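# Got a sequence here, can you build the structure:
(one chain, ligands or ions: 2)
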Amino acid sequence: MSKNVLLSFKGNKQIDTEIKLTGSKSECNRALIISALSKGSVSVENLSVAADTVTLNQILTRLNSEKELADQYTTVDVGPAGTAMRFLTAFLAIQNGKFSLTGTERMKQRPIGILAEALKSIGGNISYKENEGFPPLQILGPFKQTDKNVKIKGDISSQYISALLMIAPSLPLGLTLEIEGELTSKPYVEMTLAMLEQVGISNDWNENTITINPQSFSTAKLYVEPDWSAASYWYAIAALADEASIFLPGLNGYSLQGDSKITEIMANFGITSQFKNGGVFLKKEPKIVERKIFDLKECPDLAQTIVVICAALGHDATFTGLETLKIKETNRVLALQTELAKIGVKFIEKNLSYKLDCSGLHFPEKITISTYEDHRMAMAFAPLALKIAAVEIEEKQVVEKSYPYFWDDLGKAGFSVNDQG
Ligand SMILES: O=C(O)C1=C[C@@H](OP(=O)(O)O)[C@@H](O)[C@H](O)C1
Ligand SMILES: C=C(OP(=O)(O)O)C(=O)O
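Ligands and ions are numbered 1, 2, ... in the order given. Now for the predicted structure:
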């Protein structure tokens, strides 16, 4: 099977297309955990085809059918899915079985200690099977809650907090979570609370403390919106094309997803977003880009998209709020630095901010982009095919994590997409 894909865009760089995006993996993975905790009273509509969601769904379905085997060890492998790892750590901690929770080699380098220790502090029986603070984990039930108060650092990953919030209503004492330090990726915590509210779970968020009392889930349907992080690549395509008119059905202006901020960010680049006919229309208007500073603390998954857009447009800029990028699917800072160097662009780290220096920007005839097991490296660099005659993206299957039909959709929009050895 071919591993790489070669992209090009022949003729005028005009994009006129309609792309139906799959559901948000963040919303789906919350919906699946909430549905499992609700013991069936909550159902999910518009499930994503993202591999991270398919994996979590399969795991939860299997766990449900194996309940009677509570004395045996169950190995649960989340692959590269960060949300599945974090959400399942909390979910499994309150089940009756014995679990070994693991993932890819990269997952074993992504920290879990903050969440595991928080769960241990309220009665969870969790230990590290290899390295202290990292997966794989051994998780043993049954769970006996010993405390309702948890302190948790907020600046490493918001997923730890979301994981705890989702189990909170099912705990005999509920939970009072005190977030220490600055909260990163805050819209994802708001998404968790909003989805819990949709199924009848109330919360009290006061400054840095969130309380959820023991409550039962109402009978409800959670509807999953298409993925705004995936939409960001279409904004990038619009930004790099000469002309663009793109319709993305199903997206709306009142999203739970923080990455919907892409509409606002891309307005700076002349890409307008008009919500009508049940979706969003992107149009490219002539515009001189003036914005020089981008703070992406609330939308870290947009970082690669926006950095590559700026680089390709030769737009020097400063980025902040990227502290968590080094512990995602790959060290995204290093990956960006290495790949941007191939077009002469520097991404310089200085005092918690990053300067993009495009003074050496050049477009070679052909470029090959490494993806480091990171779907967003592949998708963020693919739009460069509107500027460079041939763009080869390595390990094309990485996109499956969140957007399996990405290459097909590029083909639909007029890119030529050819498998390479
Ligand atoms: O809760 C979620 O669904 C996510 C939260 C974010 O992670 P961090 O909170 O670790 O930044 C984001 O990067 C990830 O893709 C999905
Ligand atoms: C960081 C991401 O995912 P996760 O943390 O869920 O692996 C992502 O999708 O960009």
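
# Flag every residue of this protein that's near ligand 2.
Proximity of the chain to ligand 2, by CB under 6 Å from any ligand atom, involves residues A81, G82, T83, D301, K328, E329, R376, S402. All C-beta spots, glycine's among them, are computed from the backbone N, C-alpha and C.

# doesn't T102 make contact with the first one?
No. With contact defined as CB atoms under 8 Å, A81 does not reach T102; the gap is 11.6 Å.

# Between those two, which has more neighbouring residues?
A81 (27 against 19; other CB atoms under 10 Å).

# who's in contact with that one?
Contact analysis of A81 by CB atoms under 8 Å, 6 or more residues apart in numbering lists N29, A51, D52, T55, L56, G103, K401.

# likewise Y73?
K98, F99, S100 are the contacts of Y73 under CB under 8 Å, 6+ apart.

# try 7 Å
Y73 is in contact with K98, S100, counting by CB atoms under 7 Å, 6 or more residues apart in numbering.

# Any figure for the gap between it and M195?
Separation of Y73 from M195 (CB to CB, to the nearest Å) stands at 31 Å.

# The protein against ligand 1: which residues are in contact?
Taking CB under 6 Å from any ligand atom as the contact definition, the chain meets ligand 1 at S26, T83, S157, S158, Q159, S162, T184, S185, Y188, P300, D301, T324.

# Top of these by number of neighbours, please.
Neighbour counts for the residues of the chain next to ligand 1 (other CB under 10 Å) peak at S26, which has 31 neighbours.

# Hmm, that one is touching M191, no?
Yes. At 6.5 Å, S26 counts as touching M191 under the criterion of CB atoms under 7 Å.

# In CSV: the residues of the chain next to ligand 2, plus distance to L356.
Formatted as CSV, the residues of the chain next to ligand 2 follow (distance: CB to CB, whole Å):
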residue, distance to L356
A81, 30
G82, 26
T83, 29
D301, 18
K328, 19
E329, 21
R376, 17
S402, 24
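
# Among those, which one sits closest to K346?
R376 (20.1 Å; CB to CB).

# so who does the closest one touch?
With the criterion set at CB under 7 Å, 6+ apart, R376 makes contact with D301, Q304.

# ok, now P187?
By CB under 7 Å, 6+ apart, the contact set of P187 is G258, E298.

# host element of it?
helix 186-198 (DSSP states H and E).

# how close does I19 sit to G250?
Applying CB to CB, the value for I19 to G250 is 10 Å.

# Which of these two has more residues huddled nearby?
Comparing I19 with G250 by neighbour count (other CB under 10 Å), the higher total belongs to I19, at 24 against 17.

# Look up the closest residue to that one, ignoring the ones flanking it.
D409 (5.1 Å; CB to CB, 6 or more residues apart in numbering).

# Domain map for the protein?
With automatic domain parsing as the criterion, the domains of the chain are listed as 4-23+226-420, 25-223.

# thinking L175 is in contact with K148, fair?
Yes. Using CB under 7 Å, L175 makes contact with K148 at a distance of 5.8 Å.

# Mind checking which of the two has more residues around it?
Neighbour tally, L175 and K148, criterion other CB under 10 Å: the higher count belongs to L175, 24 against 18.

# show me the contacts for that one.
Listed by CB under 7 Å, 6+ apart, the contact set of L175 reads K148, V150, L164, A168, I212.

# circling back: let me know the secondary structure of the residue nearest to I19.
Three-state call for D409 (DSSP: H, G, I helix; E, B strand; the rest coil): helix.

# Name the residues of the longest helix seen in the chain that are buried.
In the chain, taking DSSP state H as the definition, the longest helix is helix 51-65. Residues of helix 51-65 classed as buried by neighbour count (16 or more other CB atoms under 10 Å): A51, D52, T53, V54, T55, L56, N57, I59, L60, L63.

# after that helix, next one along is what?
strand 73-77.

# Show me which positions of the helix or strand just after that following strand end up buried.
Downstream of strand 73-77, the first helix or strand assigned by DSSP H and E is helix 82-93. By neighbour count on 16+ other CB under 10 Å, the buried set for helix 82-93 is G82, T83, A84, M85, R86, F87, L88, T89, A90, F91, L92, A93.

# Just the angle for helix 82-93 relative to strand 73-77, thanks.
Orientation check (axes from the mean of the first three to the mean of the last three CA atoms, to 10 degrees): helix 82-93 against strand 73-77 gives 160 degrees.

# if we can go back for a sec, quick check: neighbours shared by S26 and M191?
In contact with both S26 and M191: Q257, using CB under 7 Å, 6+ apart.

# Show me where this structure has its helices.
Going by DSSP H, the chain shows helices at 25-37, 51-65, 82-93, 113-121, 158-167, 186-198, 228-240, 262-267, 303-312, 332-340, 375-381, 406-412.

# want to try a markdown table for those, with distance to P142 and mean pLDDT as columns?
Shown next, in a markdown table, are the helices of the chain (distance: least, CB to CB, whole Å; pLDDT from 0 to 100):
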| stretch | distance to P142 | mean pLDDT |
| --- | --- | --- |
| helix 25-37 | 16 | 98 |
| helix 51-65 | 15 | 96 |
| helix 82-93 | 10 | 98 |
| helix 113-121 | 14 | 98 |
| helix 158-167 | 14 | 98 |
| helix 186-198 | 24 | 98 |
| helix 228-240 | 37 | 98 |
| helix 262-267 | 44 | 97 |
| helix 303-312 | 41 | 98 |
| helix 332-340 | 39 | 98 |
| helix 375-381 | 37 | 98 |
| helix 406-412 | 43 | 98 |
